[in-house]
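**Q** no sequence on this one, just coordinates:
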């Protein structure tokens, strides 16, 4: 399926916008809305991961309800997303052991060390990420996007990518890629 140029331009805009931001646990847009970018819990407190019902089905979210993504270029638990990629797709980091909340499976949670020394949360062996353009809980604008050499998908509670609402409910993979683009829940 051919994708439009919009997702690529949106990601490029996100990279430029995020690169211009100062450092903080949550970055802000020009409208003052908090972005989910690279949140780090208080020292020793693990990031909370839950599953939430959405238009895409049941997907993983952080404690604030922000959608979590996997990057198909990642093979195993080691992240291949850094630099401009990590600006557009901030890693979900933690300073403690991640905590499974409602609907998430504790046995699938883990961590991996990033090249910048931070600890990134993994789920079913996939490093987890936010999307910089998802400013509000319930947004999944990065769903099905292709950027930085591979596709990005929200993650279902079974630990597999979600390509449609059916995938999230069953945890299975589908060849239907109609869930791309600009989904919210």
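**A** Received the coordinates, thanks. Since the model is a prediction, treat every value here as computed from it, not as a measurement.

**Q** drop to CA atoms for contacts and neighbour counts, all remaining ones
**A** OK.

**Q** Does residue 47 touch residue 62 like I think?
**A** Yes - the pair residue 47 and residue 62 passes the contact test of C-alpha atoms under 8 Å, sitting 7.3 Å apart.

**Q** so where do the strands sit in this protein?
**A** 48-54, 57-62, 69-71, 99-100, 109-113, 119-123, 126-127, 139-140, 146-147, 150-154, 183-184 (DSSP state E).

**Q** Mean pLDDT, distance to residue 163 and mean neighbour count added to the ones you listed, as JSON lines?
**A** Formatted as JSON lines, these follow (pLDDT from 0 to 100; distance: least, C-alpha to C-alpha, whole Å; neighbours: other C-alpha atoms under 10 Å):
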{"stretch": "strand 48-54", "mean pLDDT": "96", "distance to residue 163": "13", "mean neighbour count": "22"}
{"stretch": "strand 57-62", "mean pLDDT": "97", "distance to residue 163": "10", "mean neighbour count": "26"}
{"stretch": "strand 69-71", "mean pLDDT": "98", "distance to residue 163": "11", "mean neighbour count": "28"}
{"stretch": "strand 99-100", "mean pLDDT": "97", "distance to residue 163": "23", "mean neighbour count": "19"}
{"stretch": "strand 109-113", "mean pLDDT": "97", "distance to residue 163": "21", "mean neighbour count": "19"}
{"stretch": "strand 119-123", "mean pLDDT": "98", "distance to residue 163": "17", "mean neighbour count": "25"}
{"stretch": "strand 126-127", "mean pLDDT": "98", "distance to residue 163": "16", "mean neighbour count": "28"}
{"stretch": "strand 139-140", "mean pLDDT": "96", "distance to residue 163": "12", "mean neighbour count": "24"}
{"stretch": "strand 146-147", "mean pLDDT": "98", "distance to residue 163": "13", "mean neighbour count": "18"}
{"stretch": "strand 150-154", "mean pLDDT": "98", "distance to residue 163": "7", "mean neighbour count": "22"}
{"stretch": "strand 183-184", "mean pLDDT": "44", "distance to residue 163": "11", "mean neighbour count": "16"}
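
**Q** between the ones you listed, which gets nearest to residue 91?
**A** Nearest of these to residue 91, taken as C-alpha to C-alpha: strand 119-123 at 6.3 Å.

**Q** and the closest one, what other elements does it pack with?
**A** In terms of contacts (3 or more C-alpha pairs under 8 Å, 6 or more residues apart in numbering; DSSP states H and E), strand 119-123 is packed against strand 109-113.
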